[in-house]
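Q: Just to be clear, the model below is a prediction. Sequence and coordinates:
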Amino acid sequence: MGKEITFKDLVIVFLRNIRKILFITIIAVVLMLALCFYLSKGNIEVKKLIIFFILGIILGVVVGVCIFTLLYIHSPKVRSASDIRCRYNLPIFAVLNYHDTNSVKGINKIINKIEKDVVSDNTTQVEIAKQSIAIMKAQYNFIFSGSVPIDSSQLNQISNEDEKIEYYDCIIENPGMIKALYGKDGVILIEKLNETTYERLNKQIIQIEALRKEIFGIILINA
């Protein structure tokens with residue numbers, strides 16, 4: 001299943017794959033210079049070399065971006081919060097960074113700034129998630145579920161000291177989750193970016209809707 005692509009997405013694709021695109025560009029430059037030598041038949045002009053060199057760079061970048069953009073468009077995995085917004089009418093309560101954001105450097109920092117869905121201040125996002133959960137608990141009775149395993153260290157980020165989050169995964173039909181949903185109003189989903197697949201997420205949503213339960217929103221973890 002494809003998705004819409006924007007200029008911002010193209011920039012992010014380029015930055016995420018910059019090393020691979022650089023490698024493709026080097027190959028393209030070498031091939032273009034070889035073509036220049038072949039066409040010149042020993043009578044090499046500096047001007048022609050420069051032109052073919054520039055053409056090699058342009059060709060390499062364009063081909064590289066096209067390849068990785070196609071891979072991005074047809075990726076089976078959820079890559080960002082914007083992917084969720086494009087496909088599902090679900091409120092996103094927070095986007096957590098599971099890994100220490102102080103270790104995110106260089107190109108990743110640039111990507112984080114462009115991709116506003118990936119919030120660098122994890123502490124703020126954790127508080128937003130906790131507040132959202134508290135607001136929902138005041139109105140509804142629900143469980144937490146998702147299509148991928150979530151370990152306790154990830155759940156502890158958004159758990160209160162007096163009440164731990166109980167999470168039910170839906171990788172396959174989970175009898176425990178179905179049983180836990182009886183008497184509940186619905187579900188808050190917890191999903192991992194770059195691990196959750198559209199196939200599993202779709203199956204999970206269908207399963208929850210088949211039980212006539214509400215999906216109140218989703219918390220994303222940038223795994």
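A: All right, it came through fine. Please read all numbers here as calculations on a predicted model, not as lab measurements. Numbers count the residues shown, from 1 in each chain.

Q: All the helices of the chain, residue numbers only.
A: Taking DSSP state H as the criterion, the chain carries its helices at 7-16, 18-40, 46-73, 81-87, 107-114, 122-139, 152-155, 175-181, 198-210.

Q: If you average pLDDT over each of the ones you listed, which is lowest?
A: Mean pLDDT is lowest for helix 107-114 out of these, coming in at a mean of 68.

Q: would JSON lines of the helices of the chain with mean neighbour count and distance to residue 219 be doable?
A: Backbone N, C-alpha and C define where each C-beta goes, glycine included. Formatted as JSON lines, these follow (neighbours: other C-beta atoms under 10 Å; distance: least, C-beta to C-beta, whole Å):
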{"stretch": "helix 7-16", "mean neighbour count": "16", "distance to residue 219": "22"}
{"stretch": "helix 18-40", "mean neighbour count": "15", "distance to residue 219": "30"}
{"stretch": "helix 46-73", "mean neighbour count": "15", "distance to residue 219": "23"}
{"stretch": "helix 81-87", "mean neighbour count": "17", "distance to residue 219": "11"}
{"stretch": "helix 107-114", "mean neighbour count": "14", "distance to residue 219": "18"}
{"stretch": "helix 122-139", "mean neighbour count": "15", "distance to residue 219": "5"}
{"stretch": "helix 152-155", "mean neighbour count": "13", "distance to residue 219": "10"}
{"stretch": "helix 175-181", "mean neighbour count": "15", "distance to residue 219": "17"}
{"stretch": "helix 198-210", "mean neighbour count": "16", "distance to residue 219": "13"}
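
Q: quick one, which of those is nearest to residue 217?
A: helix 122-139 (7.1 Å; C-beta to C-beta).

Q: Only C-alpha atoms, please: export stretch 157-172 in CSV.
A: As requested, the backbone C-alpha atoms of stretch 157-172 are provided in CSV (Å, rounded to 0.1, in the frame of the first residue of the first chain):
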residue,chain,number,x,y,z
GLN,A,157,7.8,5.7,30.9
ILE,A,158,4.1,6.4,30.9
SER,A,159,3.1,4.4,34.0
ASN,A,160,2.2,6.1,37.2
GLU,A,161,4.0,4.9,40.4
ASP,A,162,0.8,3.7,41.9
GLU,A,163,-0.6,2.0,38.8
LYS,A,164,1.4,0.1,36.2
ILE,A,165,0.1,-0.2,32.6
GLU,A,166,-1.1,-3.7,31.6
TYR,A,167,-0.5,-4.2,27.8
TYR,A,168,-2.1,-6.8,25.5
ASP,A,169,-0.4,-7.4,22.2
CYS,A,170,-2.5,-8.4,19.1
ILE,A,171,0.2,-10.1,17.0
ILE,A,172,-2.2,-13.0,16.8
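
Q: Of all the residues in it, which ones are buried?
A: 157, 158, 165, 167, 168, 169, 170 (16 or more other C-beta atoms under 10 Å).

Q: Perfect, I'm done here.
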